[in-house]
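Asks: take a look and give me a structure for this.
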Amino acid sequence: MMPQITGSMLAYERMDIIHLLAAVPEEWLRAGAVNRLENWHTGAGKVTLSLTVSSDGKTATLAVDPIVRADKNVQILLHTASLKKAGFDVNTTADRSRIELTPGKAFQQTFLRK
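Replies: From the prediction side, this is the model:
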């Protein structure tokens with residue numbers, strides 16, 4: 001079982017908003033790293049995701065299974081500051097360090113290290 005604090009660094013919920021990758025340490029983004037949550041429970045829905053860094057460290061691929069909560073709307077925000085700090089191109093501006101994901105839809109994106 002994953003300690004609560006460790007899982008919360010990858011996904012946590014606050015006021016019906018699921019925050020993804022809000023506090024990923026740079027060490028977790030080294031070559032060959034695999035970060036994974038399986039059916040992580042939040043008040044806004046279950047989260048299954050994987051963040052995998054290639055063996056050469058040049059790419060990081062994030063895959064998020066659909067997140068659904070039938071009884072209320074949920075907002076999903078992917079925080080990109082940790083990826084950006086580790087040298088990955090996240091295609092966001094300095095004042096917009098997050099990407100909104102669509103609830104109920106899978107998400108996958110590969111980030112290239114500069």
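Asks: which parts of the helix or strand hosting residue 7 are buried?
Replies: Assigned by DSSP states H and E, residue 7 belongs to helix 4-10. Neighbour-count burial for helix 4-10, counted by 16 or more other Cβ atoms under 10 Å, picks out 7-10. The C-beta positions use only the backbone N, C-alpha and C, and glycine is treated the same way.
Asks: next one: stretch 27-34
Replies: 28-29, 33.
Asks: number of nearby residues for the residue nearest to residue 21 when sequence neighbours are not counted?
Replies: Nearest residue to residue 21, sequence neighbours excluded (Cβ to Cβ, 6 or more residues apart in numbering): residue 79, at 5.2 Å. For residue 79, the neighbour count with other Cβ atoms under 10 Å is 18.
Asks: in contact with residue 48, which residues?
Replies: Residue 48 makes contact with 37-40, 64-65, according to Cβ atoms under 8 Å, 6 or more residues apart in numbering.
Asks: who wins for most neighbours among those residues?
Replies: The contacts of residue 48, ranked by neighbours (other Cβ under 10 Å): first place residue 64, 23 neighbours.
Asks: how near is residue 39 to residue 82?
Replies: Residue 39 sits 23 Å away from residue 82, going by Cβ to Cβ, to the nearest Å.
Asks: related to what we said a few turns ago, how about CSV for the buried residues of helix 4-10, with distance to residue 112 added?
Replies: As requested, the buried residues of helix 4-10 are exported to CSV (distance: Cβ to Cβ, whole Å):
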residue, distance to residue 112
7, 27
8, 27
9, 23
10, 21
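Asks: on that earlier part again, correct me, but the residue nearest to residue 21 touches residue 100?
Replies: No: the criterion here is Cβ atoms under 8 Å, and residue 79 misses it with residue 100 at 11.0 Å.
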